[in-house]
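Chemist: 3D, please:
(4 chains)
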There are 4 protein chains.
Amino acid sequence: MSLQIADKTFQSRLFTGTGKFSSASLMEESILASGSELVTVALKRVNLTEKEDDILSYLQHDCINLLPNTSGVRNAKEAIFAAQVAREALETHWLKLEIHPDPKYLMPDPIETLKAAEELVKLGFVVLPYIHADPVLCKRLEEVGVAAVMPLGSPIGSNKGLKTIDFLEIIIEQSRVPVVVDAGIGAPSDATKAMEMGADAVLVNTAIAVSENPVQMGLAFKYAVEAGRMAYEAKLAPMQQQAVASSPLTTFLN
Amino acid sequence: MSLQIADKTFQSRLFTGTGKFSSASLMEESILASGSELVTVALKRVNLTEKEDDILSYLQHDCINLLPNTSGVRNAKEAIFAAQVAREALETHWLKLEIHPDPKYLMPDPIETLKAAEELVKLGFVVLPYIHADPVLCKRLEEVGVAAVMPLGSPIGSNKGLKTIDFLEIIIEQSRVPVVVDAGIGAPSDATKAMEMGADAVLVNTAIAVSENPVQMGLAFKYAVEAGRMAYEAKLAPMQQQAVASSPLTTFLN
Amino acid sequence: MSLQIADKTFQSRLFTGTGKFSSASLMEESILASGSELVTVALKRVNLTEKEDDILSYLQHDCINLLPNTSGVRNAKEAIFAAQVAREALETHWLKLEIHPDPKYLMPDPIETLKAAEELVKLGFVVLPYIHADPVLCKRLEEVGVAAVMPLGSPIGSNKGLKTIDFLEIIIEQSRVPVVVDAGIGAPSDATKAMEMGADAVLVNTAIAVSENPVQMGLAFKYAVEAGRMAYEAKLAPMQQQAVASSPLTTFLN
Amino acid sequence: MSLQIADKTFQSRLFTGTGKFSSASLMEESILASGSELVTVALKRVNLTEKEDDILSYLQHDCINLLPNTSGVRNAKEAIFAAQVAREALETHWLKLEIHPDPKYLMPDPIETLKAAEELVKLGFVVLPYIHADPVLCKRLEEVGVAAVMPLGSPIGSNKGLKTIDFLEIIIEQSRVPVVVDAGIGAPSDATKAMEMGADAVLVNTAIAVSENPVQMGLAFKYAVEAGRMAYEAKLAPMQQQAVASSPLTTFLN
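Modeler: Numbering: from 1, shown residues only, chains lettered A, B, ... in the order given. Now for the predicted structure:
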């Protein structure tokens, strides 16, 4: 059941983020409860001038791999610059590539993302691009060498769940790199559903961070992702138009 | 996190059934994997003449409570008779009351179900009626003394999931007895969703029994139900119309 | 394309109501624009002591048939009394039977509704009961002689649309009396959808009355219902899992 | 209520296509019944060598404007060539730009579409690009000067309806050029819904062409689009979580 992306193997298929937690220690505890082994962190939140940055110190666990992201950049050029800063600062060539020029819905830019991905792959990065659930864009990103694709379920932070199911299905069917459903997952049931469909992993941040009990919610997502993966492997029963009794109709009364 | 119904306490909020498994031993193994402590069995499937009935012998575990059901009866009179036979044969006064005269969709009969429930409560049964997701009917059943209500998600065996969400929400809000979502749950994500909404438990049969790997699917549902319950207790984050970045917009580039 | 219920024939399959309009003349104009020939009116809103009641005088058009309703009653006994008052006052034996004891969601009571319907049919009424989308209840009402069934799409006044589609489909398939989808229709697209599914008519009130322009909304619903009925008759194309080009792939470039 | 795109004004907000009809005369009759004034035609289906091409002769009506499309091309270069051939052959500089390299789901390519659009606008074409429901791509296409954007509801020919609602809402909110919902509209209710949301027009082909009665279905879509537009202008009533009675609760019984 382990997941391979580029040169790393993950036991957990739940990726998490570091934004919106009320404290760094609550963030740490929640992420540990979730079992997540890949944690994305915005470059902006890293204190680049001090050796022992506040957030990073809470993420120093053997089980946790950092995935710096370029949140806040508006085009390929800014993304490439940010990626290089991140590689230097966080000592990892893994990168979550996010380019969303629109400040209201934070929808990703397909053109700049492909351009940046192509360049970053050449520069030796392990690139995981955050994108709309666009099957053709996914294939083009795959062709330029990204390590995984990260299509969205619904706009970042909306908690609306999987509003792109019909397109995620096509992406999962066609992709030859891992598919990580990112953004919009607002409840464990959304994560379970994404995994049942065959997604390789999900990334969850807001839904854990802004819960009243982020630690317990982290654990809930851990179980939800495991449940979904197990169900995918065990194969779901097909839907039926007509009811089919679990219990055969009895005749004992006749 | 335990659930109380009538005089019993359950650690697991996943109820299961015994129909459609390819073998009795696979049924036993799947139910044990699911952690279910309440298992419904159709009276018809019980061999009433032999002491060691085939199906029952596979269910003789300390952790498993039997919940005989009246599947196959067409009206209150038949249901009451079947209930009494079941009490005698299975030595339990717990009863899942199912009256569905329609052989195609197996939708329950609200009139006969209320009539039978009232009578069965008087006869000392712990009654759990299977019904449509009808908020008014649930209140009337509660008034006559049922131990829990079991509204459907979608037609039995359809695996269509939760097609009655708007009405389940009203039922959960108004009910003073436990609400067990029954029928139609086709995937662990459906179970997680029902629990997130505040259902007290779910009953799953077909989705486990007809999976390619019922034992693993039983375990998937166990985790899915736990994830949903934990999320309900930890409280879900609200949906947002507008995106809200997990990572604050960076300004480091300016 | 005309619709027959009991002894009347309707050219329009759009039924309307009289509540929530900002003025009686706006109500009149909107109903005329909608082309509706059957208009439900709450007994309470009728001034029983004066010959020329305000609301009724606005509904005196040859094309409009009145359908008094029992909105506000809490059980069969009250419904039967109200029905008799309505028959006397409005000089029609047509009746929309509504029994909803719950003041918050106004969900109908299946038990009291069946009881009242049976009695009212015996008393010579043409009974159109408002009910949950319960296929078995619909059949039982049919058996006691109602002229049509009126299952809900979603709670009255919620404008949530068709939240009971899976059950409306069963009802439409099984019913031998006309099926009128009532309650919850919040937009013309909901009405079109109900008619496409094969509903015989829809009843719309809130969505017209509380629009900013009720007259134009009445006209919009008229067209929407006609569009849905025409599509039902012309038969919809089936859904495809795979894309199928409208335009065959060209080869002219090769 | 008229719609302006580039230099043309349309009374009808229903655009249609010419594929999949069982005969050219049935196509002609259906399009005329639909009232459509803009009809897309695949270049491949036009007989370029004869003056009186079969399909075109059926479309020679004053009310019909042709919209040649580039269906079948796989990249920007092919699209630009096809567009020039079409301009020559059909004597119009209007163009529906379609680039879908994937033969199974026919999903459009965002990168090649933007590249071709930019070039075609420079070449004097009135460009209407068919794209995924990608809000950022829509803005970028607007910036290079397209006359309208044509985001999809679901894959071409799938008849699955509006599976991209959450993104269409963002596009409609942000766009300064007309938004035409294209592809996937399988029933008149889908068209009504798109128009209620504020789409400027819809394009329908398969749902009309493969109906059992395309002429009547064309008329159904005409009414459906008009109903949706009227509802949009009259403004829909908001959804309510709680029921609100159309008829105030009566007190006449007390």
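
Chemist: Which helix or strand contains A:Phe15?
Modeler: Counting by DSSP states H and E, the element that carries A:Phe15 is strand A:14-17.

Chemist: The following helix or strand past that strand vs chain B: in contact?
Modeler: Sequence-wise, the next helix or strand downstream of strand A:14-17 (DSSP H and E) is helix A:24-34. No - Helix A:24-34 stays clear of chain B (C-beta under 8 Å from any C-beta of the partner chain), getting no nearer than 10.2 Å. For glycine as for every other residue, the C-beta is placed from the backbone atoms N, C-alpha and C.

Chemist: Show me what the next helix-or-strand element following helix A:24-34 is in contact with.
Modeler: Counting by DSSP H and E, the element after helix A:24-34 in chain order, helix or strand, is strand A:38-42. Contact with strand A:38-42 is made by A:8, A:10, A:12, A:15-19, A:31, A:55-56, A:59, A:64-69, A:71-72, A:90, A:96, A:203, A:205, B:246-248, B:250, as judged by C-beta atoms under 8 Å, 6 or more residues apart in numbering or on different chains.

Chemist: go again using 7 Å as the cut-off
Modeler: The contact list for strand A:38-42, computed with C-beta atoms under 7 Å, 6 or more residues apart in numbering or on different chains, reads A:10, A:15-19, A:31, A:55, A:59, A:64-69, A:71-72, A:96, A:203, B:247, B:250.

Chemist: In helices only, show me those.
Modeler: Secondary structure assignment by DSSP state H places A:Ile31, A:Ile55 of the contacts of strand A:38-42 in helices.

Chemist: Can you pull out the low-pLDDT segments for the stretch 1-150 of chain A?
Modeler: For the stretch 1-150 of chain A, applying pLDDT under 70 flags the ranges A:1, A:45-53.

Chemist: Distance of whichever residue of it sits closest to chain C relative to chain B?
Modeler: Taking C-beta to the nearest C-beta as the measure, the stretch 1-150 of chain A has A:Pro135 as its residue closest to chain C, at 10.6 Å. Separation of A:Pro135 from chain B (C-beta to the nearest C-beta, to the nearest Å): 22 Å.

Chemist: what ranges do the strands span in the stretch 1-150 of chain A?
Modeler: Here the stretch 1-150 of chain A has its strands, by DSSP state E, counting those that start in this stretch, at A:3-5, A:8-10, A:14-17, A:38-42, A:65-69, A:94-97, A:126-131, A:150-151.

Chemist: Pull up the gap between the residue positioned nearest the centre of chain A and A:Val225, please.
Modeler: Taking C-alpha atoms, centre = their mean as the criterion, A:Leu203 is the residue nearest the geometric centre of chain A, at 2.4 Å. The spacing between A:Leu203 and A:Val225, counted by C-beta to C-beta, to the nearest Å, is 11 Å.

Chemist: again, but for A:Pro188
Modeler: Counting by C-beta to C-beta, the gap from A:Pro188 to A:Val225 is 8 Å.

Chemist: Of the two, which one has the most company?
Modeler: The residue with more neighbours, out of A:Pro188 and A:Val225, is A:Pro188; 38 against 28, by other C-beta atoms under 10 Å in any protein chain shown.

Chemist: Turn the strands of the stretch 1-150 of chain A into a markdown table, columns for mean neighbour count and distance to D:Ser158.
Modeler: Putting the strands of the stretch 1-150 of chain A into a markdown table (neighbours: other C-beta atoms under 10 Å in any protein chain shown; distance: least, C-beta to C-beta, whole Å) gives the following:
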| stretch | mean neighbour count | distance to D:Ser158 |
| --- | --- | --- |
| strand A:3-5 | 17 | 31 |
| strand A:8-10 | 15 | 34 |
| strand A:14-17 | 28 | 31 |
| strand A:38-42 | 24 | 34 |
| strand A:65-69 | 22 | 34 |
| strand A:94-97 | 28 | 30 |
| strand A:126-131 | 26 | 22 |
| strand A:150-151 | 26 | 19 |
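
Chemist: In a markdown table, list the ones you listed along with distance to B:Ser2.
Modeler: What follows is the strands of the stretch 1-150 of chain A, written out as a markdown table (distance: least, C-beta to C-beta, whole Å):
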| stretch | distance to B:Ser2 |
| --- | --- |
| strand A:3-5 | 34 |
| strand A:8-10 | 34 |
| strand A:14-17 | 27 |
| strand A:38-42 | 33 |
| strand A:65-69 | 37 |
| strand A:94-97 | 41 |
| strand A:126-131 | 41 |
| strand A:150-151 | 39 |
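
Chemist: quick one, what contacts A:His100?
Modeler: Contacts of A:His100 (C-beta under 7 Å, 6+ apart): A:Leu106, A:Met107, A:Pro108, A:Asp109.

Chemist: I'd like these as JSON lines, with distance to chain C appended.
Modeler: What follows is the contacts of A:His100, written out as JSON lines (distance: C-beta to the nearest C-beta, whole Å):
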{"residue": "A:Leu106", "distance to chain C": "28"}
{"residue": "A:Met107", "distance to chain C": "23"}
{"residue": "A:Pro108", "distance to chain C": "24"}
{"residue": "A:Asp109", "distance to chain C": "25"}
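
Chemist: Identify, from the residues you listed, the entry nearest to chain B.
Modeler: Chain B lies nearest to A:Leu106 out of the contacts of A:His100, by C-beta to the nearest C-beta, at 4.2 Å.

Chemist: Thanks again, I'm all set now.
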